[in-house]
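Visitor: Next input, structure requested:
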Amino acid sequence: MRRENNAQEFDRLRAKYRNFKRTIPQKAAITMVNFFKRNFNVGGFVDVPFQKWKKSGYPGARTTMVRSGNTRREIKKIQVSESRVVVGIGNHNHYAKIHNEGGEILITPKMRRFFWAKYKESGKEYWKWLALTTKTHIDIPQRKFIGDSKALEKTLDRMIISELKKILL
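Guide: Here you go, the predicted model:
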């Protein structure tokens with residue numbers, strides 16, 4: 001009789017573990033998406049140590065990295081399987097990469113015409129100086145919002161341990 005109870009208990013635990021293996025990647029992906037979106041609320045990349053973003057000089061931004069909220073909304077689960085979880089931004093968001101990694105943008109004649117149009121529309125000196133600059137490029141500082149983070153690893157570890165405790169208790 002005792003052997004039968006152990007077999008039933010083993011089958012029950014095996015079923016719970018299979019369910020855990022199936023659901024944990026989805027939960028990890030959701031945790032990662034929320035973690036990366038939170039970087040926009042705190043104004044920097046949450047890691048050890050915290051990496052605060054350099055202030056934006058752009059006059060249309062509400063806060064650094066937030067004008068329309070499109071980049072934050074684009075952070076999504078790209079691939080979720082039992083062996084791999086990928087969270088990121090789709091290829092159609094062309095400016096997310098330069099903000100995340102930093103770099104240079106070449107100033108073209110078309111951009112200068114845009115700067116003049118914005119100056120005439122708004123009257124803000126910012127646009128006038130961009131149109132008149134002799135620079136050939138604009139430096140975009142790195143404002144990392146997605147990537148490897150020790151704080152994220154700790155968050156995921158806590159979530160996994162919590163989920164394992166649920167199935168074992």
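Visitor: residue ranges of the strands in the chain, please?
Guide: 44-45, 51-52, 76-80, 85-88, 103-106, 137-140 (DSSP state E).
Visitor: what's the closest of those strands to Tyr126?
Guide: strand 137-140 (12.3 Å; C-beta to C-beta). Yep, even glycine has a C-beta here, placed from its N, CA and C like the rest.
Visitor: That closest one pairs with which strands?
Guide: strand 103-106 (antiparallel) (DSSP bridges).
Visitor: quick one, longest helix in the protein?
Guide: Under DSSP state H, the helix in the chain containing the largest number of residues is helix 2-42.
Visitor: now for that helix, which elements pack on it?
Guide: Using 3 or more C-beta pairs under 8 Å, 6 or more residues apart in numbering; DSSP states H and E, the elements in contact with helix 2-42 are helix 70-74, strand 76-80, strand 85-88, helix 150-168.
Visitor: In this protein, where is pLDDT below threshold?
Guide: Along the chain, the parts satisfying pLDDT under 70 run over 1-4, 60-62, 64.
Visitor: Pull the number of nearby residues for Arg84.
Guide: Using other C-beta atoms under 10 Å, Arg84 has 8 neighbouring residues.
Visitor: any idea how far Ala15 is from the residue nearest to it when sequence neighbours are not counted?
Guide: The spatially closest residue to Arg84, leaving aside those adjacent along the chain, is Pro25, at 7.9 Å (C-beta to C-beta, 6 or more residues apart in numbering). Distance of Pro25 to Ala15, computed by C-beta to C-beta, to the nearest Å: 18 Å.
Visitor: Which one's more surrounded, these two?
Guide: Pro25 (17 against 11).
Visitor: With respect to burial, which of the helices and strands packed on helix 2-42 scores highest?
Guide: Of all these, strand 85-88 has the most neighbours on average by mean count of other C-beta atoms under 10 Å, namely a mean of 18.
Visitor: on that earlier part again, let me know the angle separating the longest helix of the chain from strand 76-80.
Guide: Counting by axes from the mean of the first three to the mean of the last three C-alpha atoms, to 10 degrees, helix 2-42 lies at 150 degrees to strand 76-80.
Visitor: For Leu156, which of the strands of the chain is the nearest?
Guide: Closest among these, once you apply C-beta to C-beta, is strand 85-88, at 9.4 Å.
Visitor: May I have that closest one as CSV, with CA atoms only?
Guide: Below are the C-alpha coordinates for strand 85-88, written out as CSV (Å, rounded to 0.1, in the frame of the first residue of the first chain):
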residue,chain,number,x,y,z
VAL,A,85,13.5,33.3,-24.2
VAL,A,86,14.2,36.3,-26.4
VAL,A,87,12.8,39.8,-25.5
GLY,A,88,13.5,42.8,-27.7
